[in-house]
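Chemist: Structure for this input, please:
(4 chains)
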2 protein chains.
Amino acid sequence: MLTISQLARYAGVTVRAVRHYHQIGLLPEPERDRSGYRTYDAAAVVRLIRIHTLAEAGVPLARVQDLLDAAPDEFVRGVEEIDAALRAEVRRLQATRRRLTRLAAGEHLALPASVVEYLDRVRGLGVDERYVEMERDAWIMVAAQVPEQIDAIMAKKHLELDDPDLQRLYLMLSDVLDWQVDDPRVVELADLFEKLMIRAVEAGEITGNWPDEGFVDLLDATTVESSPVAERLLAILQERGWRGWTQIERVPEERVARGTP
Amino acid sequence: MLTISQLARYAGVTVRAVRHYHQIGLLPEPERDRSGYRTYDAAAVVRLIRIHTLAEAGVPLARVQDLLDAAPDEFVRGVEEIDAALRAEVRRLQATRRRLTRLAAGEHLALPASVVEYLDRVRGLGVDERYVEMERDAWIMVAAQVPEQIDAIMAKKHLELDDPDLQRLYLMLSDVLDWQVDDPRVVELADLFEKLMIRAVEAGEITGNWPDEGFVDLLDATTVESSPVAERLLAILQERGWRGWTQIERVPEERVARGTP
DNA sequence: GTCGAGGGTTGACGCAGGGTCAGGGTCAAG
DNA sequence: CTTGACCCTGACCCTGCGTCAACCCTCGAC
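Modeler: I've put the predicted structure just below:
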C-alpha cells in the first residue's frame, strides 16, 4: 500500500496535483487508514500515470475525465481532435514567432516589414525623426485595420514617393514641428498639399477603402494632436473643401459649411 | 475622441481587456468626459495595438510593461528571449503530438510503441486478454519509472520470449484467472516459475536496476491484487526463498523466516 | 516518556488573463 | 418618452495547480 507522496512519485506528479484530481473527481478517493491517511494500490498508479500523460499533452482535465472512461474508438477520436488543436496551436506560435522576429529586426513594435522599409526611405529623404515617428504610428493603426492589404498599400506609396513634389511635401511637413502656429509657410504648405491632392483626384485615385467611417478622422487626428500647426493646416484644407490628408476626398458643401463634425 | 469600444475595436481587443490593462497599469487611464466615460486619442490606439501584439505572442503582461518602455536594444534582447521561449514551446507541443499519435495508434494510454509490440506478441501466444491487461498495467508503471530504458528492456524481453518454457509459463498464468485458490496446478506453476528463475540466475541475469526499493513490491502487488491464486503463488515462491516475480532474487534467510515485510 | 523530523490532513487564498453577470447611468434616434 | 446601444463599477468564475496555515500521526532517538 502506498501513501500519497509515494503514489505521486511513481506517477511523476506532485502531491498537490493528486489531491486536485481527487477534488475534481478525476481520480477516485481511496480508502483511508485508521489515522485518515489515503492508501493507494497499484491501480491508482496506473490511472494517475494515464491522467498525467493526457494532462501533459495539454488535454483539459475536464476532457481527460471523459477520455479515460471512453471506449477505444471514442478515445481515438478524442485524441485526434486534441492533436488537431495542438497542430493549430503550433502553427499559431510559429506565426507569432515570425512576427516577433520581424519586430525585433525592424523599426519597432507592430509594424510589418514593408512599412519599416517605407519609413526607412522617408527617413532617407532627410525627414525629421519626430515626423517619422508620427507617420509610423499612423501606419501601425492602418496595419492593424487592414493587415492583408498593408503590403499592397506600401507598394503604392513607394511609387508615389518617386514624385519630387511629394518628397518636397514630406520635407516641409517634417519642418512643421518647429514652426509657430502663425507661420506664413503653412499656407504655402496647404497649397502644395492641394496641388498633390488635385493631381491624385484627376488621376482617378480614390484612396482608402476603410472598414469604418471614423477611422479616417482618427488617422488625421493622430497628426493633429502633435502640433497646433498641423491643426491649422487641417483647418485650412477643410475650408477649401477637403476632408483631410488621409482620405483624399472633397466633402459635400453643407459639411464644409458646418465644419467637419 | 474615441470611446472604449471604438478603441478596443481599432486595436482588435475586447473592452474587458482594455479595462484589465488599465487595472494593471499597462495602459494609462485616459481623461473622462462629463458623464464619466473614458475618452481616448490616437496615441492610446497605438499603445494598445502594441500591447496586444506582444500579449498575443504569449508575452506575460508584466513583461509587456517593461518591454514597451524599454530602450531599443533592451527591447531586442527581450524579444529574442521570448522568441527562444516560443521555440521551446513549439518543440514541446510537437513532442507531445508525437506521443499522442502513438497513443491513439497503439494499445492504450501511456505506453511506448515497443511495449505495445511486446504485448501484441504475448497476446499472439493465446494469452487471455485479462492477463494481457494486467501485464500492460505493470509496463505502464515501469515505463513511467525508467522511460529511457524501456525500449532496451523490451528488446531483452523479446529474446526471452523465444524460450518455449516461458511461453508455457505465460499460458498457464493466463489460465490462473479462472482457477480456484486451492487448485493443485498452482504448485506446478510455481515449479515452472522456479525453473525459469534458477536458469536466469545461473545465466548471471540480475534483473532490474530500479530507482526505488518499494517499486519491485508494487509491481508484484499489481498482479496479486487481481486474484487470490496469484497471492498464493507469490506466497509459495517467497517460502522457497524468492523475492517475487518482478525481481529475480533470493532473499536472505532471516527475511524468509519472517516473511517479506 | 518525550522530542523533533518528517510525513499526513483540510481549508483557503493566489496566479494570469480575462469572461460574464448585475445593477446602474448616458446618449442618440424615433 | 421610450428604446436600444453604450458606458460605468464591482464582483464572482474559469484552469491547474502552488503555497501557506494550522493541525494530526508516526517513527526513531534519547
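Chemist: switch to C-alpha atoms for all contacts and neighbour counts from now on
Modeler: Will do.
Chemist: starting at the chain centroid, how far to stretch A:213-224?
Modeler: Between the mean C-alpha location of stretch A:213-224 and the chain-wide mean there is a distance of 19 Å, by CA atoms, centre = their mean, to the nearest Å.
Chemist: Is that stretch in proximity to DNA strand D?
Modeler: No - when contact is scored as CA under 7 Å from any atom of the strand, no part of stretch A:213-224 falls within range of DNA strand D; the minimum is 13.2 Å.
Chemist: buried set for that stretch?
Modeler: For stretch A:213-224, the buried set under the neighbour-count rule, 16 or more other CA atoms under 10 Å in any protein chain shown, comprises A:215-224.
Chemist: Just the CA trace of stretch A:33-48, in CSV.
Modeler: Extracted C-alpha coordinates of stretch A:33-48, given in CSV (Å, rounded to 0.1, in the frame of the first residue of the first chain):
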residue,chain,number,x,y,z
ASP,A,33,-6.1,4.0,7.1
ARG,A,34,-7.1,4.4,10.7
SER,A,35,-5.4,7.7,11.0
GLY,A,36,-7.0,9.2,8.0
TYR,A,37,-4.2,8.8,5.5
ARG,A,38,-5.1,7.9,2.0
THR,A,39,-3.8,4.4,1.0
TYR,A,40,-3.3,3.7,-2.7
ASP,A,41,-2.8,0.5,-4.7
ALA,A,42,-1.1,-0.2,-7.9
ALA,A,43,-4.2,0.5,-10.0
ALA,A,44,-4.2,4.1,-8.7
VAL,A,45,-0.6,4.5,-10.0
VAL,A,46,-1.7,3.3,-13.4
ARG,A,47,-4.7,5.6,-13.6
LEU,A,48,-2.6,8.5,-12.3
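Chemist: Please work out which residues outside it touch it.
Modeler: Outside of stretch A:33-48, the residues that reach it under the criterion CA atoms under 8 Å, 6 or more residues apart in numbering or on different chains are A:1-4, A:7, A:10-11, A:18, A:27, A:29-32, B:137, B:140-141, B:218-219, B:221-222.
Chemist: Please indicate which of the residues you listed are buried?
Modeler: Buried subset of the contacts of stretch A:33-48 (neighbour count, 16+ other CA under 10 Å): A:2-4, A:7, A:10-11, A:18, A:27, A:29, B:137, B:140-141, B:218-219, B:221-222.
Chemist: give me the subset of these touching DNA strand C.
Modeler: With the criterion set as CA under 7 Å from any atom of the strand, the members of the buried ones among the contacts of stretch A:33-48 near DNA strand C are A:3-4.
Chemist: Can you list which of the contacts of stretch A:33-48 are found in helices?
Modeler: Within the contacts of stretch A:33-48, membership in helices is found for A:4, A:7, A:10-11, A:18, B:137, B:140-141, B:218-219, B:221-222, as judged by DSSP state H.
Chemist: need the residues you listed in CSV with pLDDT, can you?
Modeler: Converted to CSV, the ones in helices among the contacts of stretch A:33-48 look like this (pLDDT from 0 to 100):
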residue, pLDDT
A:4, 95
A:7, 95
A:10, 93
A:11, 93
A:18, 96
B:137, 90
B:140, 89
B:141, 91
B:218, 88
B:219, 89
B:221, 87
B:222, 86
